[in-house]
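**Q** this one's structure only:
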Ligand SMILES: Cc1cc2nc3c(=O)[nH]c(=O)nc-3n(C[C@H](O)[C@H](O)[C@H](O)COP(=O)(O)O)c2cc1C
């Protein structure tokens, strides 16, 4: 289990908003204090895919989110995309891990090329320059050579790329189980214990 329970969790405008929401819920249940960030496109996708409308006032977002996820609002703090004074924007902060789930190809490209034009990109830039732990859950299909080159570059920098590619060997019977498959893989990479299914020698 990770000692430092501070984490940045960002959602961007790729399909699969349910992955990000479920991750936030599971991390809150595991006692993580989350610095949550939403791109403008993430808000559009959240409404389209999950019927969740986040308030414009960032101070109210934790309450809306916590109600939706049935967790305590104290587990979240939300910042505006241009809040350069937030802890996530500075390498001197004590936040050592960041997840972007889902991660759009646009945000992936901007992280890979160091374009820190919003707080999500700046926070990822900080995590990279401080050689901390960055997990991205990219989602697109098909993938162009541009997408693949950016992913290769990030992988070589030590970024954990966990594409939204759920397995089916555990025979999921619901959408929630498919979402949980991916979220459990993220939790594995954060060293957060979970009781989700694991492949073992006796399964084949
Ligand atoms: C419903 C919906 C689904 C989308 N799905 C994807 C996707 O799976 N992958 C992707 O890279 N972009 C997807 N997009 C496009 C991105 O939202 C768009 O490129 C946006 O500029 C990304 O901005 P962001 O990186 O700041 O979130 C989708 C957009 C919408 C509205």
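**A** In hand now; what should we look at? Note that the structure is a prediction, hence the values are computed from the model and not measured.
**Q** The ligand contacts on the protein?
**A** Taking Cβ under 6 Å from any ligand atom as the contact definition, the chain meets the ligand at 12-15, 39, 41-42, 44-45, 48, 104-107, 139-140. Backbone N, C-alpha and C define where each C-beta goes, glycine included.
**Q** repeat that with 5 Å
**A** 12-15, 39, 41, 44-45, 48, 104-107, 139-140 (Cβ under 5 Å from any ligand atom).
**Q** What sits closest to the residue in the chain that the ligand sits nearest to if chain neighbours are left out?
**A** Nearest residue of the chain to the ligand (Cβ to the nearest ligand atom) works out as residue 13 at 2.5 Å. Setting aside the residues directly before and after it, residue 13 is nearest to residue 41 in space (Cβ to Cβ, 6 or more residues apart in numbering), at 2.3 Å.
**Q** Check what pLDDT the residue of the chain closest to the ligand gets.
**A** Looking at residue 13, its pLDDT reads 98.
**Q** do residue 196 as well
**A** Residue 196 carries a pLDDT value of 86.
**Q** How many residues are close by the residue nearest to residue 13?
**A** By the criterion of other Cβ atoms under 10 Å, residue 41 has 15 neighbours.
**Q** Is it correct that it is in contact with residue 102?
**A** No: at 10.5 Å, residue 41 and residue 102 do not qualify as touching, with contact defined as Cβ atoms under 8 Å.
**Q** Break down the chain into its strands, ranges please.
**A** With strands called from DSSP state E, the chain shows them at 6-11, 33-38, 76-78, 97-103, 133-138, 160-161.
**Q** in this structure, which segments are predicted with low confidence?
**A** 1-2, 201-204 (pLDDT under 70).
**Q** Residue 83 versus the residue nearest to residue 114 when sequence neighbours are not counted, what's the distance?
**A** Nearest non-adjacent residue to residue 114, counting by Cβ to Cβ, 6+ apart: residue 125, 5.9 Å away. Distance, residue 125 to residue 83, by Cβ to Cβ, to the nearest Å: 15 Å.
**Q** now swap in residue 111 and tell me
**A** In terms of Cβ to Cβ, residue 111 sits 18 Å off from residue 83.
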